[in-house]
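Q: Requesting a structural model of the entry that follows:
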Amino acid sequence: MLKYYIQLTAIQLLLFISVSLCAQGVITTPRTPSPAASVTQIIGISTVTVSYSRPSVKGREIWGALVPYGYNVQAFGKGNPAPWRAGANENTTITFSNDAMVEGKPVPAGAYGLFFVINKDNTGEVILSKDYRSWGSFFYDSTHDLFRAKIQLQDIPSTEMLTYEFLNDTKTGAELVLNWEKKQFPVKIEFDVDKIVMDNAREQLKNTVGFSWQGFLSAANYALQNKTNIEEGLAWADNAVTANKSFATLSTKSGLLKLTGKTDEADKTMKDAVDVATENELNLYAYQVMNQGDIDKAIEMFILNTKRHPESANVWDSLGEGYVNKGDKKDAIDSFKKSLSMNPPANVKANSEKFLKQLGAL
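A: The predicted structure follows:
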């Protein structure tokens, strides 16, 4: 009896020690053999993050063996047919900071469990589940799926450790791919970037950003450059002009007016912008007009700049480029020589000399 009591006491002591250790926590150690990882991609101003564990091939047969084809009946949990957990250990998760489209299907902002299915014919499925805190596929419940979508797998060079990455980035989207062994699982992700930026701009302009004309100008300029929310952009441009009547604010307003079809008002506003332009602003505007194909208008702006800043070698050099684009060799040579006569900075001197050599005048 005493021996039994001693043994029981020892077991109770071990249990007490184990529980105490769990309660107190243990040190953090490296996770093996499938280390944790995450990858994040910014698309527009939205972020997509995949958190997962990275198993290695280690010479094993993967597809149809370690990862069964189709749906696999789990040995634990609910015992339901389940897809592959798309990694190791707990759920692979994917998090969207904003509403997105995944394989053409709407996905509200938030976190989801990410699962895949692979079939013998190299087709498969991507599945997003509302259950993202589960352990692997053991407690998978198809009634909690947000959606399923068919995908076409690709054959790739051998990849030892399971890896997620983003490919084929565009303004509005990217392709999330899982690479492992010799298979790639591609998933197309897209955002309505202009809408997200505009919605975010409205909120930011209610905060400290709205106390500066630069905030309204940046919002108006995005609307102009991306040809979106034009009327709203015009209202923001008006706020910026009211606070600071400058080339930047007026030229942005002019561009938005032109997009609304108010050409006369746009031209008048652009004239006001030119009237207050600095040397560099007027020079850049002239190059912009020249790149748009209006050579005569560009030369007019270059000449105006030489009249306002006759002592600047750079404006004469730029006027020379304008004449080169027009095919006016004589005036181009005169302008470049005028620039060189002013002891120009090294970069301006090099440019004038380059053109003079091309024109056979040096």
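
Q: Can you pull up the most central residue in this structure?
A: Compute the mean C-alpha point of the chain, and by CA atoms, centre = their mean the closest residue is residue 43, 2.9 Å away.

Q: in the sheet, who's paired with that residue?
A: Beta-bridge partners recorded for residue 43 (DSSP bridges): residue 46.

Q: list the contacts for it?
A: With contacts taken as CB atoms under 8 Å, 6 or more residues apart in numbering, residue 43 has the following neighbours: 169, 172-174, 189-191, 193. Every residue, glycine included, has its C-beta placed from N, CA and C.

Q: in the stretch 151-300 of the chain, which spans are strands?
A: For the stretch 151-300 of the chain, strands defined by DSSP state E, counting those that start in this stretch occupy the ranges 154-167, 173-190.

Q: May I ask which of the contacts of residue 43 has the most neighbours?
A: Each of the contacts of residue 43 was scored for neighbours by other CB atoms under 10 Å, and residue 191 scores highest at 24 neighbours.

Q: Ignoring the adjacent residues along the chain, who's closest to that one?
A: Among residues not flanking residue 191 along the chain, residue 46 sits closest, at 4.8 Å (CB to CB, 6 or more residues apart in numbering).

Q: what about that neighbour, distance to residue 107?
A: Using CB to CB, to the nearest Å, residue 46 is found at 11 Å from residue 107.

Q: and for those two, which residues touch both?
A: Taking CB under 8 Å, 6+ apart as the contact criterion, the common neighbours of residue 46 and residue 107 are 96, 100.

Q: Among the contacts of residue 43, which one sits closest to residue 87?
A: Sorting the contacts of residue 43 by distance to residue 87 puts residue 189 at the head of the list, at 17.7 Å, by CB to CB.

Q: Next, the contact list for that closest one, please.
A: When the contact criterion is CB under 8 Å, 6+ apart, the partners of residue 189 are 43, 48, 100-102, 173-176.

Q: The same query, at a cut-off of 6 Å, please.
A: Under the criterion of CB atoms under 6 Å, 6 or more residues apart in numbering, the neighbours of residue 189 are 48, 100, 102, 173-174, 176.

Q: That one bridge partners, please.
A: When bridges are taken as DSSP bridges, the partners of residue 189 come out as residue 102, residue 174.

Q: hang on, residue 29 in a strand?
A: No: secondary structure assignment places residue 29 outside any strand; it is coil (DSSP: H, G, I helix; E, B strand; the rest coil).

Q: can you map out the helices along the stretch 251-362 of the chain?
A: For the stretch 251-362 of the chain, the helices identified by DSSP state H, counting those that start in this stretch occupy 263-275, 279-291, 295-308, 313-326, 329-340, 346-358, in order along the chain.

Q: Next, the buried residues of stretch 136-152.
A: 136-140, 145-148, 151 (16 or more other CB atoms under 10 Å).

Q: where does the protein dip in pLDDT?
A: 1-24, 74-78 (pLDDT under 70).

Q: Apply 80 and report the result again.
A: In the predicted model of the chain, residues 1-25, 31-32, 73-80 satisfy pLDDT under 80.

Q: how's it carved up into domains?
A: Using automatic domain parsing, the domain parsing of the chain gives 36-191, 194-358.

Q: Let me have these in CSV, extended by distance to residue 30.
A: What follows is these, written out as CSV (distance: least, CB to CB, whole Å):
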stretch, distance to residue 30
domain 36-191, 10
domain 194-358, 38
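
Q: Which among those is found nearest to residue 29?
A: For these, proximity to residue 29 was assessed by CB to CB; domain 36-191 is nearest, at 12.3 Å.

Q: Just give me how far that closest one sits from the chain centre.
A: Relative to the chain's own centre, domain 36-191 is displaced by 21 Å; criterion: CA atoms, centre = their mean, to the nearest Å.

Q: Okay, buried residues for the helix or strand hosting residue 51 please.
A: Using DSSP states H and E, the secondary-structure element containing residue 51 is strand 46-53. By neighbour count, with 16+ other CB under 10 Å as the criterion, the buried positions of strand 46-53 are 46, 48, 50-53.

Q: can you list contacts of that strand?
A: Surrounding strand 46-53, the residues in contact under the criterion CB under 6 Å, 6+ apart are 34, 36-41, 87-89, 92-98, 164, 189, 191.

Q: now do 7 Å
A: Contacts of strand 46-53 from elsewhere in the structure, counted by CB atoms under 7 Å, 6 or more residues apart in numbering, are 34-41, 86-89, 92-98, 114, 164, 176, 189, 191, 196.

Q: quick check: angle from it to strand 154-167?
A: 130 degrees (axes from the mean of the first three to the mean of the last three CA atoms, to 10 degrees).

Q: change the start of the numbering to 479 and stick with it
A: Got it, first residue is 479 now, which makes that one strand 524-531.

Q: Paired strands for whatever helix or strand comes next after strand 524-531, with orientation please.
A: Along the chain past strand 524-531, the next helix or strand (assigned with DSSP H and E) turns out to be strand 550-551. Here strand 550-551 has these sheet partners by DSSP bridges: strand 559-560 (antiparallel).

Q: Could you look up the next helix or strand downstream of the strand it pairs with?
A: From strand 559-560 onward toward the C-terminus, using DSSP H and E, the following helix or strand is strand 571-574.
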